[in-house]
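Asks: need a 3D model of the following:
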Amino acid sequence: MASAASAPSSAAAGGAPTARAAKASPEPLWTRNFVFGTLLNFFIAGNYFMLMVVMTAYALTVYEAPAAVAAFCASAFIVGTLFSRFASAPLMERFGRMPVLIVGAVAEVALTALYLLNEPLGALIGVRLLHGFAYGMCSTTLATVVTSLIPASRKGEGIGYFMLSITLGSAIGPFAGIFISNNFGYDTLFLVASIMVALAVPCALLLRPSRATRVKGSAAKAAAEVEAAADAVGGEVAAAPAEEAREEAESARDEAEAQAAADACPACAGADPECPTCSRVPSTHFEEVVTDKVEHSPLARFVEAGVLPISVVCGLLFFGYSSLLTFLTPYANELGLGRAASVFFVAYALAMFVTRPFTGRSFDRKGPHPVMIPAFVSFVVGMVLVAFMANDWMLLIAAMFLGFGVGTVQSCGLAMAVRVTSDARLSVANATFYMLLDVGVGVGPIILGLIVPLIGYQALYLCMAAVGAAALALFLVVAKTEKGAR
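Replies: Numbering: from 1, shown residues only. So this is what the prediction gives:
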């Protein structure tokens, strides 16, 4: 009896370390799919930045286009990208994520190669629009695939590493674009850009996500099967084979919905309505009103209401960020700081690389507020330093503050968006988030271009610091339910 009694106790004693070890062991992040997805993101981002920084100069020198038209040759890409954000989610629902991703990657290669034809100016603008559409479709779909693969307990960390691929592209792309175009000519640049984005195609083909990701939404498909079977049954008298088909279809639907719930929240498999991971409660009355309006309108097909608040916050910050892309170089040249401005985005990217791993882990462990608030403050400080920069070091220090601020808000903002979204709506959530970022970056140069002649560069960057402070205030309002989330 003693030995029998001691068996359970020893088993329990032996089981405790096992349970602790299982609890301590994190879910894998650096899987084959995550690595290939991150590489693919780097290749398309590098292609984007490599061409974006030289397109205005290309139109000015080769086509002798007016300044406004030359600038539109660059910004037409953003216009195409913005349109793709609306179309990407319906395309993914209709054809599946992986087919849309592969088609987008192949289209990017073909459209980049078209620059080598030296087509007329009107055709160049058309190619830029289509290239932007292909990039937006590819990047939105890829973000949907990768964010669905990242474990729920490591969303912040995983998305942080994934977004570093864009950081690396934003550092290498502009440098390579300017260096190659200045030393080897535009044709060589377009050839290199084509080769770079061509590497994205094998990465897309090597991605092997779950079957639910590779094909059209199984829940929607099962629901359609139920409807079809019910229609076949019809009336009061049902044939046995039709009734059997209906029951099988209903069973498939229930399994698909259960799997979707489990994918959305591994912690509770969608069974706990109080679970903060899979439940979404509007944090303010304003958000509740917006959610109700969007969810009961045709916009629901293109916009995920639950992620609109944090998307607006990040879009506002990217409106301020657009001032760096547009006016930093002329302002620095005016002050005689052109040398530092040429490596500004290298220092900017370096700050992202150093801080991103730490901010991602902190986000997962402590929630968004302890990470996002310092990031907004860092953005404000960086803009103030740019406004009053008097030497190279001030500009480079500002770049590091801004790199930490923009990079953290972008990655953690996306993590906030996707972790409150079911897998079935993940494509729409990603499209909504990036759509608002595109609006901020695309509208910024137009509005700020009208303001600069009136107030000057220094006042402009002080205003951008105020925009960062406004984004922080808005974040504190819309993210109440996220405070302290684990």
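Asks: pLDDT below threshold where in the stretch 251-400 of the chain?
Replies: Within the stretch 251-400 of the chain, the segments meeting pLDDT under 70 span 251-302.
Asks: isn't I178 up against V54?
Replies: Yes: if you go by Cβ atoms under 8 Å, I178 and V54 touch, sitting 6.6 Å apart. To be clear about C-beta, it is placed using only N, CA and C from the backbone, and glycine gets the same treatment.
Asks: the more surrounded of the two?
Replies: For I178 versus V54, the count of surrounding residues by other Cβ atoms under 10 Å is larger for V54: 22 against 16.
Asks: who are the neighbours in contact with the more buried one?
Replies: V54 is in contact with G177, I178, S181, Y186, L189, counting by Cβ atoms under 8 Å, 6 or more residues apart in numbering.
Asks: let's see 7 Å
Replies: Contact partners of V54, counting by Cβ atoms under 7 Å, 6 or more residues apart in numbering, are G177, I178, S181, L189.
Asks: max pairwise distance over these: which two?
Replies: I178 and L189 (9.3 Å; Cβ to Cβ).
Asks: returning to what we had before: E27: which of the contacts of V54 is nearest?
Replies: Closest approach between the contacts of V54 and E27, by Cβ to Cβ: G177, at 38.2 Å.
Asks: could you give the number of residues near the residue nearest to that closest one when sequence neighbours are not counted?
Replies: In space, and not counting its chain neighbours, G177 is closest to M50: 4.0 Å by Cβ to Cβ, 6 or more residues apart in numbering. Applying other Cβ under 10 Å, we find 27 residues neighbouring M50.
Asks: same check on P66?
Replies: P66 - counted by other Cβ under 10 Å - has 11 other residues nearby.
Asks: check P28 too.
Replies: Neighbour tally, P28, other Cβ under 10 Å: 9.
Asks: show me the contacts of V54 that map onto strands.
Replies: Among these, no member is found in strands (DSSP state E).
Asks: and the residues you listed, which is closest to A341?
Replies: Nearest to A341 among the contacts of V54, counting by Cβ to Cβ, is I178 at 11.7 Å.
Asks: just the helices in the stretch 301-450 of the chain please.
Replies: 308-334, 338-342, 344-366, 369-387, 392-418, 426-478 (DSSP state H, counting those that start in this stretch).
Asks: tell me which of these is the most buried.
Replies: Comparing the helices of the stretch 301-450 of the chain by mean neighbour count (mean count of other Cβ atoms under 10 Å), helix 392-418 comes out on top with a mean of 24.
Asks: A76 sits in which helix or strand?
Replies: helix 67-95 (DSSP states H and E).
Asks: and after that helix, which helix or strand comes next?
Replies: On the C-terminal side of helix 67-95, the closest following helix or strand by DSSP H and E is helix 97-114.
Asks: list the buried residues in that next one.
Replies: Buried residues in helix 97-114, counted by 16 or more other Cβ atoms under 10 Å: 97-109, 111-114.
Asks: give me the phi and psi angles of A65.
Replies: phi -80, psi 150 (degrees, to the nearest 10).
Asks: surely it and L121 touch.
Replies: Yes: counting by Cβ atoms under 7 Å, A65 does reach L121; the two are 5.9 Å apart.
Asks: do you know how far the closest residue in space to V103 that isn't next to it in sequence is from L29?
Replies: With sequence-adjacent residues excluded and distances taken as Cβ to Cβ, 6+ apart, V103 is closest to M137, at 7.8 Å. Distance, M137 to L29, by Cβ to Cβ, to the nearest Å: 26 Å.
Asks: these two - which one has more neighbours?
Replies: Under the criterion of other Cβ under 10 Å, the comparison of M137 against L29 puts M137 first, with 27 against 16.
Asks: secondary structure element for the more buried one?
Replies: Using DSSP H and E, M137 sits within helix 121-149.
Asks: P151 and V197: what is the separation?
Replies: Distance from P151 to V197, by Cβ to Cβ: 29 Å.
Asks: how about I446?
Replies: Per Cβ to Cβ, I446 is found 28 Å from V197.
Asks: again with A398
Replies: A398 is 32 Å from V197, by Cβ to Cβ.
Asks: swap in F162?
Replies: If you go by Cβ to Cβ, the gap between F162 and V197 works out to 18 Å.
Asks: and those two? Which one has more around it.
Replies: Using other Cβ under 10 Å, the more surrounded residue of F162 and V197 is V197, with 31 against 26.
Asks: how about the contacts made by the residue nearest to V103?
Replies: If you count contacts by Cβ under 7 Å, 6+ apart, M137 has them with S84, A87, S88, L91, V100, G104.
Asks: relative to Y461, how far out is it?
Replies: From M137 to Y461 the distance is 34 Å (Cβ to Cβ).
Asks: swap in L328?
Replies: Distance check for L328 against Y461: by Cβ to Cβ, it reads 9 Å.
Asks: then V343?
Replies: V343 is 19 Å from Y461, by Cβ to Cβ.
Asks: can you name the residues that contact L317?
Replies: Taking Cβ under 7 Å, 6+ apart as the criterion, L317 is in contact with F379, V406, V409, G468, A471.
Asks: what do you get for L436?
Replies: Contact partners of L436, counting by Cβ under 7 Å, 6+ apart, are S311, V312, C314, G315.
Asks: about what we covered before: in contact with the residue nearest to G177, which residues are there?
Replies: By Cβ under 7 Å, 6+ apart, the contact set of M50 is G173, A176, G177, A193.
Asks: and the stretch of helix or strand the last one belongs to, how far out from the chain middle?
Replies: For A193, the enclosing helix or strand under DSSP H and E is helix 186-198. Helix 186-198 has its average C-alpha position 24 Å from the chain's average C-alpha position, going by Cα atoms, centre = their mean, to the nearest Å.
Asks: okay, buried residues for that helix please.
Replies: For helix 186-198, by 16+ other Cβ under 10 Å, it's Y186, L189, F190, L191, V192, A193, S194, M196, V197, A198.
Asks: what does that helix rub up against?
Replies: Taking Cβ under 7 Å, 6+ apart as the rule, helix 186-198 contacts 43-44, 46-47, 50-51, 54, 58, 62, 108-109, 112-113, 115-116, 177, 180-181.
Asks: and if you look at stretch 454-474?
Replies: Stretch 454-474 has contacts (Cβ under 7 Å, 6+ apart) with 313, 316-317, 319-320, 323, 327, 331, 334, 373, 376, 379-380, 383-384, 386-387, 448, 451-452.
Asks: distance of S323 relative to A399?
Replies: 14 Å.
Asks: actually A59, sorry about that
Replies: As judged by Cβ to Cβ, A59 and A399 stand 28 Å apart.
Asks: now E27
Replies: In this view, E27 and A399 are 35 Å apart by Cβ to Cβ.
Asks: check V377 too.
Replies: 16 Å.
Asks: ok, now G169?
Replies: From G169 to A399 the distance is 17 Å (Cβ to Cβ).
Asks: swap in A204?
Replies: Distance from A204 to A399, by Cβ to Cβ: 33 Å.
Asks: ok, now L335?
Replies: From L335 across to A399, the span is 15 Å (Cβ to Cβ).
Asks: same check on S411?
Replies: For S411, the distance to A399 - Cβ to Cβ - is 18 Å.
Asks: ok, K155 next?
Replies: When distance is defined by Cβ to Cβ, K155 is 28 Å away from A399.
Asks: that older thread, between the contacts of L317, which sits nearest R128?
Replies: Using Cβ to Cβ, those come closest to R128 at V406, 24.5 Å.
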